[in-house]
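# Sequence below, structure please.
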Amino acid sequence: MDENTSSSSEVKPETRLHKSMRGALRWTLVALVAFGLGALLIAFGLFFPARQRLDKATIDLEQANATITGNAALQKNLDSATLHMAVLSALSDVRAASLGVATGDYAGARLSLTQASAALDALSGLQGTDQKDVLTAMQHSAALALTDMKTDLKSAQPELDQLTKNLVQLENNLFPNP
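Residues are numbered from 1 along each chain as shown. Next up is the predicted model:
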């Protein structure tokens, strides 16, 4: 039995260095766990909600940009429709003036040609600078037709025919048929 007792007593007592290292290791583990928990708390409490708000704001911004782009396309379509309406209005008035000349209706022809001149003025304000010369020539033709009507109603017909031809050509240039 002496041998058994001596073997179990061979375990060396723990030194101060081992005790302090074990204590330091425990505190280091506690500090790492606390740091890890703090990092998780910050991630779940601050980062992820902020990331979600950022993602939502990005989606909202994309939707707003799509709406703006859609509105710009709608505005472009509206401008095009307004321009087309002005061209057709001027053409309609010139044709009505031509009909008035053909039927001998001086008052109707004069009124329609005056309305055509107003439509050409409106068209000039809508159209870009590349068509200004053409529109100026058409306005001049309308004024000349009004002057010709005063002397002889039938003498305005060639100017009205040219004006009709020019307006049809302008419409075909601006709005080609597919």
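# Which of the residues in stretch 63-83 are classified as buried?
Using 16 or more other Cβ atoms under 10 Å as the burial criterion, the residues of stretch 63-83 that qualify are Leu83. (Each C-beta comes from the backbone N, C-alpha and C, glycine too.)
# what do you get for stretch 25-32?
Going by 16+ other Cβ under 10 Å, stretch 25-32 has no buried residues at all.
# where's that stretch relative to the chain centroid, distance-wise?
The chain centroid and the centroid of stretch 25-32 are separated by 59 Å under Cα atoms, centre = their mean, to the nearest Å.
# for stretch 138-150, same thing?
So, by Cα atoms, centre = their mean, the centroid of stretch 138-150 is 42 Å from its chain's centroid.
# same deal with stretch 83-99?
In terms of Cα atoms, centre = their mean, the centre of stretch 83-99 is found 32 Å from the chain centre.
# What lies in contact with that stretch?
105, 108-110, 112-113, 115-116, 119-120, 122-123, 126-127, 138, 142, 145, 156-157, 160-161, 163-164, 167-168, 170-171, 174-175 (Cβ atoms under 8 Å, 6 or more residues apart in numbering).
# what do you get if the cut-off is 7 Å, keeping everything else the same?
The contact list for stretch 83-99 (Cβ atoms under 7 Å, 6 or more residues apart in numbering) reads 109, 112-113, 115-116, 119-120, 122-123, 126-127, 157, 160, 163-164, 167-168, 170-171, 174-175.
# for stretch 17-26, same thing?
The contact list for stretch 17-26 (Cβ under 7 Å, 6+ apart) is empty.
# What's the mean pLDDT across stretch 46-58?
On average, the pLDDT along stretch 46-58 is 87.
# host element of Ser20?
Per DSSP states H and E, Ser20 falls inside helix 16-42.
# next one: that helix to chain centre, how far?
Offset of helix 16-42 from its chain centre (Cα atoms, centre = their mean): 58 Å.
# secondary structure element for Thr164?
helix 157-174.
# can you check Pro49 too?
Assigned by DSSP H and E, Pro49 belongs to helix 48-103.
# circling back: ok, of the contacts of stretch 83-99, which come out buried?
109, 112-113, 115-116, 119-120, 122-123, 127, 157, 160, 163-164, 167, 170-171.
# that older thread, summarise which helices and strands the helix holding Thr164 is packed against.
Packing partners of helix 157-174 (3 or more Cβ pairs under 7 Å, 6 or more residues apart in numbering; DSSP states H and E): helix 48-103, helix 132-151.
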